[in-house]
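Colleague: sequence and predicted structure are below.
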Amino acid sequence: MKYVLVILDGAADRALKVLENRSPLMVGAGEHLKALARRGRVGAVRCLPPDWKGDPEAALVALFGYDPREDFTGRGAFDAAALQVDLDHADVAFRLHFVHTDGTTLLDPTTGRLGAEAGRTLLRHVDDTLRIRNMQFYPAEGHRHVMVWRDGPDGIRCTSPHDAAGKPLRAHFPTGDRAERLTSILWDTAEVLADHPINKRLRDTGKPTADLLWPWAPGRSPNLTPFGWRHGIGGACIAGNSMVRGLARLSGLHVIDVPGATGSLDTDYTMKARATLTALETYNFCLVHIESPNAASLAGDWEAKVDAIRRIDERYVGTLLDRIGKLADFRIMVVVDHPTPVEDRRPALDWTPFMLTGNLFKPQSQGTLPFDERALDDVTHRCDEGRKLLDLLFEDANALP
């Protein structure tokens, strides 16, 4: 049996007037997702506890089968793992953004999607110039990188640059233990970056400049029980998202690099599907994360979100279904980790739809729920702890209701 878990990041939404009171998922889901729903079980899952007050991205930890209360330590730790940066138990890793400011207000949390090589060059320049004791910078690409504070503090609190966008800088600087040192370093990066040739070139062409480095999402390395020990099966992971890649490495899943899998709106869905099929020739399980619906929501672009879901249906699901049956019997679970409403431009905490299907499932003759927000009203197939959803994927099909 081959197993596939597909996470559609942020795909759930609200009904929009511009879509005649339908959601982007209702409009974008095409013939392949609809065919899977007719042959499977569609239900609702609450990935995070009802009293969760933290980062909605902890839903990804739950969908890997872990308890977010115990195992979600902060995005920075997972980003570090994605870069294969080893953390000691006393180290704190931060997600690090280049941001665009006017000196008093955070204007752009992504610096206009700073180019990959430009971002790496600027980070190396900061690191070589400042040479901060006990702090190390690790380049990733574009505007987003990683910083590790060796023997770092407990209880330091940082604001997401997305939450601080359009607001005064000083009101959203780090707080808590040793926060003043982190704030001082933040201003140091501003001085180092001000006259760099890349920023001069960006300024001359009217593009957002990378004015300072913004640390956030601090976390220590979690101690995750290996995926194979928990579920009795190993596997692979395909994702462009750094947190998912870090989760996969920490859990023991093999991370596969896919050309064109960018973790954004321009990702190559067909290549991701082909990579999934190739992975299933070696492994019995493959986890696939698709970021584009969430990216569209964060940009407030409902048209891009509908288009992304349509392309997922046509190019990813369609390509997968065309060949997976030739490998072996299979089971596929598709799930949304959290809603990201286009109108809010930020993730929310709420129930989301999931779908479990496979070639051994009998087609439903009537009463089939579609794989979209209408499944949230279902009372038959409900999972109130996201970490238990994988158990359903690996269960004996005969035990399913």
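Modeller: Structure received. Remember, predicted model here, so these are calculated numbers, not experimental data.
Colleague: pLDDT of the lengthiest strand in the chain, averaged?
Modeller: Of all the elements of type strand in the chain, the one with the most residues (DSSP state E) is strand 92-101. Rounded to a whole number, the mean pLDDT of strand 92-101 is 96.
Colleague: which residues touch the closest residue to residue 116 other than its chain neighbours?
Modeller: Nearest-residue entry for residue 116: residue 141, 3.9 Å, with adjacent residues in sequence omitted and distances by CB to CB, 6 or more residues apart in numbering. In short, each C-beta sits where N, CA and C put it, glycine included. Applying CB atoms under 8 Å, 6 or more residues apart in numbering, one finds that residue 141 lies in contact with 116, 117, 119, 120.
Colleague: any idea how far residue 96 is from residue 141?
Modeller: Using CB to CB, to the nearest Å, we find residue 141 at a distance of 12 Å from residue 96.
Colleague: cool, residue 82 as well?
Modeller: Relative to residue 96, residue 82 is positioned 13 Å away (CB to CB).
Colleague: neighbour count for those two, which is higher?
Modeller: Under the criterion of other CB atoms under 10 Å, the comparison of residue 82 against residue 96 puts residue 96 first, with 27 against 23.
Colleague: the more buried one contacts residue 217, doesn't it?
Modeller: No - Residue 96 is not in contact with residue 217 according to CB atoms under 8 Å; the separation is 9.2 Å.
Colleague: for residue 175, list each beta-bridge partner.
Modeller: Counting by DSSP bridges, residue 175 forms beta bridges with residue 157.
Colleague: and the gap between it and residue 182?
Modeller: From residue 175 over to residue 182 the distance is 10 Å, taken as CB to CB.
Colleague: shared neighbours of those two, anything?
Modeller: Residues touching both residue 175 and residue 182 (CB under 8 Å, 6+ apart): residue 156.
Colleague: the more surrounded of these two?
Modeller: The neighbour comparison of residue 175 against residue 182 (other CB under 10 Å) goes to residue 182, with 23 against 14.
Colleague: chain neighbours aside, what residue packs nearest to that one?
Modeller: Setting aside the residues directly before and after it, residue 182 is nearest to residue 174 in space (CB to CB, 6+ apart), at 4.6 Å.
Colleague: distance check, that neighbour against residue 156.
Modeller: From residue 174 to residue 156 the distance is 6 Å (CB to CB).
Colleague: these two: which is more packed in?
Modeller: The residue with the greater number of neighbours, taking residue 174 and residue 156 and applying other CB under 10 Å, is residue 174; the counts read 23 against 19.
Colleague: among the contacts of residue 141, which one has the most neighbours?
Modeller: Among these, where neighbours are counted by other CB under 10 Å, the top count belongs to residue 119, at 23 neighbours.
Colleague: what residue is smack in the middle of the chain?
Modeller: Among the residues of the chain, residue 241 comes closest to the average C-alpha position under CA atoms, centre = their mean, at 5.1 Å.
Colleague: I figured that residue hits residue 263, correct?
Modeller: Yes - with contact defined as CB under 8 Å, residue 241 and residue 263 form a contacting pair (4.6 Å).
Colleague: overlap of the contact sets of the two?
Modeller: Between them, residue 241 and residue 263 share these contacting residues under CB under 8 Å, 6+ apart: residue 291.
Colleague: circling back: neighbouring strands - and their directions - for the longest strand of the chain?
Modeller: Partners of strand 92-101, by DSSP bridges, with direction: strand 106-108 (antiparallel), strand 144-149 (antiparallel), strand 212-219 (antiparallel).
Colleague: make a markdown table out of those strands and add distance to residue 275 and mean pLDDT.
Modeller: Listed next are those as a markdown table, based on distance: least, CB to CB, whole Å; pLDDT from 0 to 100:
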| stretch | distance to residue 275 | mean pLDDT |
| --- | --- | --- |
| strand 106-108 | 33 | 95 |
| strand 144-149 | 23 | 96 |
| strand 212-219 | 28 | 96 |
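Colleague: distance to residue 321 and mean neighbour count added to the ones you listed, as a markdown table?
Modeller: Written out in a markdown table, the entries for the strands paired with strand 92-101 read as follows (distance: least, CB to CB, whole Å; neighbours: other CB atoms under 10 Å):
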| stretch | distance to residue 321 | mean neighbour count |
| --- | --- | --- |
| strand 106-108 | 40 | 21 |
| strand 144-149 | 33 | 24 |
| strand 212-219 | 36 | 24 |
